[in-house]
Structures are given as structure tokens and as C-alpha cells.
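Participant: this one's structure only:
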């Protein structure tokens, strides 16, 4: 059954050797704790697949309350201690929006996005965060995660004005770091006006899980076609700020399909000269308790959603290697 797709991947590998030499995208692996709780296993997974970066997501309402910085735990301080000594770079997300949720502190949530009080509050947050992680090497900074899930078309321009000020706040401290806002690939295809928002940033930042709205995953050999479409829409620098495929989800998903997807993704990514980052999700499968928390957060009781989230890892929760992980270590 897999013979034809295996031949296709082999052909793509050969063709990729004949493409013009270009800078490879930065490989990143978003970390999730295994059942042991040992973050050293995450760091080992990052190293073993040859990744140079990982992710850090900061939720505004977790960090700032009533105008005061009140992070607990203080993730920027932890990042400063962990990543620079290991020369691991960070794709940083300020989740002012997180897919379906407005994550501004309570004092800002009823204000328009382009109200100066909102942008001033965010600028203060940026200053506090960056002062705590001065040596962390940033790949890019995203303002908002999958904002198309929350923003109606009528709100895009209002949010865009906030985003421009937020981008200026980041550049005032880290002037050479690209600043983006993350959108889903399905949202970008369905709502072309999202491009106007993303073009206010320094690159197009896409999250992509090749599934339909019922969380059924498509054939794993989709990377070449889909990445070509993304690149055409980006028309310049772009990132895959999240990309993943489960080993036990609905639809075409399986351990073998997950491995084929990540192998094909590596080939397709190497053929895109403007692709800056490929961030694979996740290092380890997450616990049933964490899956239930996500289901509650995203307000869904879909079994397919739960099976998707519970098997996204390249390793199991008990730190066993899946075929996808082995595929990536053998590149």
C-alpha cells in the first residue's frame, strides 16, 4: 500500500539534491514534558533530531495583572537559565490571543485593540520579559497565536493597528528579530483578507495540521503540494510556526503515516528558499489530564480531537521513540 508513496519520497530526495543551494530553514521542536517530568529528555530529543530551536509561549494574562508584572513561574527567567548555555534558539509567542481566547489582562479586555492603553500595557510587558531573558537568541516573535480563530473580519484592522505598535515595541529592544502574528493555514485559505493583517509583520507565520474540521487527518504525503501553496501565498519570508501529525488520530493517521509525513515535510521544506522556520509539534505525547484540559479550553468533546492531541509527540509519554522520531534522527 505504501510502495507508491515510498517511491515518491525517494524521487523527491533525489530532486532536492539538484536544487540550487539555499539556506535551510531553522529546525525547531516544541517541547512537552514526558511522564517522568524530566525536561532533560526534551532537551535530548531536540538535540537528537538536529533541531536548533524550541518554542516558548507566554500568555499575557498569566504575566501581567493590574499593570504589574506577576509571572509565576517566571518563564523568561527560566529560559535565560536553560537555553543560552545550550545554544538553543527560541521562537517566542506572546499569546495576546490564543486561538479562541482573548488573553489580555482583565483591565484591558473590554477595550478596543487599538486603544493606546492596550498597546502601552503590552509595551511594558515586552520590556519586562526581555529584561529577564537578555541572552536568549530569538528566531522570531509572534504577537498572537492563531488569531483568525478569534478575530472576526470586522476586527482585523483594529487588531492590525495594535499589532503594528506591538511590533514597534519588540523592535525597540530586539530590532533585528522578525515579528509576526500566527494564523492557521485553513483560516488563511478561507479568509484571504487575513493576508493584509500578516503583511503588517516581517514574515507570514502559519500553523498547520493537515486535517479537516472534524479532526480527520489527510494523507501524509501532502507536504510538497501544501508547502508550495503556502510559499506562493507568502510571496516572501515565511514560517511554519507549528506543524504536526498524530500517530493515533482519526482519518489516515498511524505511526507509519506520522513518520512519512515528517519525512516528506523535511524534503518539501528543503525546497522552499523563503521558508525560515519549521517547528515540529511535539517532543512527547501529553497526558490524559492535559488532553482533557485542552478539550475544555477549546470547548470540544470530540474523540478525534483528543486522539489527535494525545499522539502528536515524536516520542511517547514514557520516552519511547516513535518511527517518526527515528526517521528524523536518521536524516
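Facilitator: On my side now, so go ahead. As the structure is a computational prediction, the values presented were derived from the model and not from experiment.
Participant: separation between residue 126 and residue 94?
Facilitator: Applying CB to CB, to the nearest Å, the value for residue 126 to residue 94 is 8 Å. C-beta coordinates here come from the backbone N, C-alpha and C atoms, glycine included.
Participant: Find residues that contact each of the two.
Facilitator: The contact sets of residue 126 and residue 94 overlap at residue 166 (CB atoms under 8 Å, 6 or more residues apart in numbering).
Participant: Of these two, which one has the most company?
Facilitator: Neighbours per residue (other CB atoms under 10 Å) separate residue 126 from residue 94, with residue 94 holding more: 26 against 21.
Participant: Run through the bridge partners of the more buried one.
Facilitator: residue 58, residue 143 (DSSP bridges).
Participant: Which residues are in contact with it?
Facilitator: By CB under 8 Å, 6+ apart, the residues touching residue 94 are 58, 60, 122, 125-126, 129, 141-144, 166.
Participant: Most neighbours out of these, which is it?
Facilitator: Result: residue 143 is most packed of these (other CB under 10 Å), 30 neighbours.
Participant: ok, that one touching residue 183?
Facilitator: No - between residue 143 and residue 183 there is no contact under CB atoms under 8 Å: 11.7 Å.
Participant: What segments of the chain are helices?
Facilitator: Assigned helices in the chain, in chain order: 3-16, 39-48, 60-63, 75-82, 116-132, 156-171, 185-190, 194-198, 223-234, 255-269, 288-297, 303-310, 323-329 (criterion: DSSP state H).
Participant: Least confident of those, on average?
Facilitator: The minimum mean pLDDT among the helices of the chain belongs to helix 3-16 (a mean of 42).
Participant: I'd like the distance from residue 106 to residue 316, if you could.
Facilitator: Residue 106 is 39 Å from residue 316, where distance means CB to CB.
Participant: Between these two, which is the more surrounded one?
Facilitator: Shown here are residue 106 and residue 316; by other CB under 10 Å, residue 316 has more neighbours (16 against 9).
Participant: Let me know the pLDDT of the more buried one.
Facilitator: 98.
Participant: Check residue 222 too.
Facilitator: 95.
Participant: Contacts only, for it.
Facilitator: If you count contacts by CB under 8 Å, 6+ apart, then residue 222 has 210, 261, 264 around it.
Participant: can you tell me how far the second one sits from residue 226?
Facilitator: I take that to be residue 261. 11 Å.
Participant: List the buried residues in stretch 315-327.
Facilitator: By neighbour count on 16 or more other CB atoms under 10 Å, the buried set for stretch 315-327 is 315-317, 319, 322-325, 327.
Participant: quick one: which of these is nearest to residue 301?
Facilitator: residue 317 (22.1 Å; CB to CB).
Participant: List the residues that contact the closest one.
Facilitator: 34-35, 284-287.
Participant: mind putting these in TSV, distance to residue 113 included?
Facilitator: Shown next, in TSV, are the contacts of residue 317 (distance: CB to CB, whole Å):
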residue	distance to residue 113
34	38
35	40
284	35
285	36
286	31
287	35
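Participant: Go through these and single out the one with the most neighbours.
Facilitator: Highest neighbour count within those, by other CB under 10 Å: residue 285, with 27 neighbours.
Participant: what number of residues lie near the closest residue to that one other than its chain neighbours?
Facilitator: Among residues not flanking residue 285 along the chain, residue 313 sits closest, at 3.8 Å (CB to CB, 6 or more residues apart in numbering). Residues within reach of residue 313, counting by other CB under 10 Å, total 28.
Participant: Residue nearest the middle of this protein, spatially speaking?
Facilitator: residue 242 (2.9 Å; CA atoms, centre = their mean).
Participant: looking at the sheet around that one, what are its partners?
Facilitator: As assigned using DSSP bridges, the partners bridged with residue 242 are residue 207.
Participant: so who does it touch?
Facilitator: Neighbours of residue 242 in contact, by CB under 8 Å, 6+ apart: 30, 182, 207-209, 279, 281.
Participant: Now do it, the pLDDT please.
Facilitator: 98.
Participant: go on, residue 58?
Facilitator: On the pLDDT scale, residue 58 gets 98.
Participant: Quick check: it touching residue 75?
Facilitator: Yes - between residue 58 and residue 75 a contact is recorded at 6.2 Å, counting by CB under 8 Å.
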